[in-house]
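>>> Please find the sequence and the predicted model below.
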Amino acid sequence: MNFKVFAELIELKAKTASVFPFLLGLSYSLYHTQGSHYVALFLYFIAMFLFNCFVDIWDNYNDYHNAVDTDDYQKKTNIIGREQLSLGLIKRLLAFFFFSSMLIGLWVAYLTGWQVFAFGLICYAVGIFYAGGPKPLSSLPIGEPLSGLTMGYLIFLIVVFISSGSAFVWDWATIGSTFLVALPSVLLISNLMLANNTCDLEEDESNERYTIVHYIGKKAALKWWNMAIVASYLAIVLAVLLQLISPVMLLMLLTIPLILKFAKAYQTQQVKSKTFICSVKILMVFSLFQAVLMYVGLIIN
């Protein structure tokens, strides 16, 4: 297996969905507190990244194993069949990524507290059942919000909790403020899955996977996708008005022309091989600028 195939197997291009919420959570906690537990944060980043790799390989493995369309999808579309990858190798990779991330995660929980262990269990449960089980979450109408909340918010919240240390207070104000700041990540990560399911609608239906797009149709899915992008910018403005983040974050509005360019291409046609990348680019550009400006605001503050 060469690096290009491995990168596709772990869906390296979509790793921004977990890396940027981590960076945003760290910058947010440093903006409001002095920050602490840097060793635990480093270990958590490794555990998070390894588990994210496990989930994507697990997703590809289950899609291959459970495929109804064995002639076309299993042998020609799914990376395992298309590249004729050894199932033994796939299983060894799954075991490595799962158990290494779990052991490091338990170490982090030991260093920081039971809350990290509890949230970690939620993340592991969603990750495992996202593609596994008789009814994988990714094949159900709840796949989009679950992926967005888990990766966009729980990663953010865990990082804030670890970094803030004793300064972290569990109350509704904390939950509300952290959720608002993380909301763009929640929405755009959900959009990534929504775009994927929109492009794959016919293929999913032929393999008996009935996502939200199956129930609401492509037209409504496209409207939802557009509204999520608008809501992401509104969340930034509201967070600035509530003084949760630095006013420098309003510079995010300068990214609107570029985001509109990507969005227009996707709106024109929803084709996996041609325009799905637009949703990836939107998440990457938005998250990159958001992270950079969060740290600029931190320096100014």
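Nice, I can see it.
>>> what bits of this protein have low per-residue confidence?
67-77 (pLDDT under 70).
>>> Which positions within the longest helix that it contains qualify as buried?
Ranked by number of residues, the top helix in the chain under DSSP state H is helix 212-241. Of all the residues in helix 212-241, those buried under the rule 16 or more other CB atoms under 10 Å are 212-214, 221-222, 224-225, 228-229, 231-233, 235-236, 239-240. Bear in mind the C-beta positions are built from the backbone N, C-alpha and C, glycine included.
>>> same question, stretch 9-18
9-11, 14-18.
>>> How about stretch 121-130?
Applying 16+ other CB under 10 Å to stretch 121-130 flags 123-124, 126-130 as buried.
>>> Which ones among these map onto helices?
Going by DSSP H, the helices hold 123-124, 126-130 from the buried residues of stretch 121-130.
>>> Need the max-distance pair from those residues.
Spatially, the most separated pair among those is Cys123 and Phe129, at 11.4 Å (CB to CB).
>>> Count the residues that sit near the residue lying closest to Ala228 once chain neighbours are set aside.
Setting aside the residues directly before and after it, Ala228 is nearest to Leu187 in space (CB to CB, 6 or more residues apart in numbering), at 4.1 Å. Neighbours of Leu187 under the rule other CB atoms under 10 Å: 25.
>>> Number the residues from 540 up from this point.
Renumbered: residue one is now 540, and that last one reads Leu726.
>>> Mind telling me what element Leu726 is part of?
Here Leu726 sits within helix 711-738, counting by DSSP states H and E.
>>> tilt between that helix and helix 751-780?
140 degrees (axes from the mean of the first three to the mean of the last three CA atoms, to 10 degrees).
>>> And Glu747, its phi and psi?
Here is the backbone geometry of Glu747 (degrees, to the nearest 10): phi 60, psi 40.
>>> how much space is there between it and Ser686?
20 Å (CB to CB, to the nearest Å).
>>> Looking at those two, which is more packed in?
Ser686 (23 against 11).
>>> got a list of what the more buried one touches?
Applying CB atoms under 8 Å, 6 or more residues apart in numbering, we find Ser686 in contact with 665, 669, 677, 728-729, 731-732.
>>> Report the buried members of those residues.
Counted by 16+ other CB under 10 Å, these give 665, 669, 677, 728-729, 731-732 as buried.
>>> For the stretch 540-689 of the chain, just list every one of the helices.
542-548, 555-571, 577-604, 618-621, 626-651, 653-670, 682-686 (DSSP state H, counting those that start in this stretch).
>>> Columns distance to Cys817 on top of these, output as a markdown table?
Output for those, formatted as a markdown table (distance: least, CB to CB, whole Å):
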| stretch | distance to Cys817 |
| --- | --- |
| helix 542-548 | 18 |
| helix 555-571 | 14 |
| helix 577-604 | 20 |
| helix 618-621 | 21 |
| helix 626-651 | 29 |
| helix 653-670 | 23 |
| helix 682-686 | 17 |
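>>> Out of those, which is closest to Leu822?
Closest among those, using CB to CB: helix 555-571, at 5.9 Å.
>>> tell me which of the ones in helices among the buried residues of stretch 660-669 is nearest to Ala712?
Nearest to Ala712 among these, with distances taken as CB to CB, is Cys662, at 23.8 Å.
>>> just to revisit the earlier point, please produce JSON lines containing the ones in helices among the buried residues of stretch 660-669, extended by distance to Ser702.
Formatted as JSON lines, these follow (distance: CB to CB, whole Å):
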{"residue": "Cys662", "distance to Ser702": "17"}
{"residue": "Tyr663", "distance to Ser702": "21"}
{"residue": "Val665", "distance to Ser702": "23"}
{"residue": "Gly666", "distance to Ser702": "23"}
{"residue": "Ile667", "distance to Ser702": "27"}
{"residue": "Phe668", "distance to Ser702": "29"}
{"residue": "Tyr669", "distance to Ser702": "27"}
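>>> mind listing what His576 touches?
Taking CB under 8 Å, 6+ apart as the criterion, His576 is in contact with 650-651, 701-702, 704.
>>> Fine by me, we can end here.
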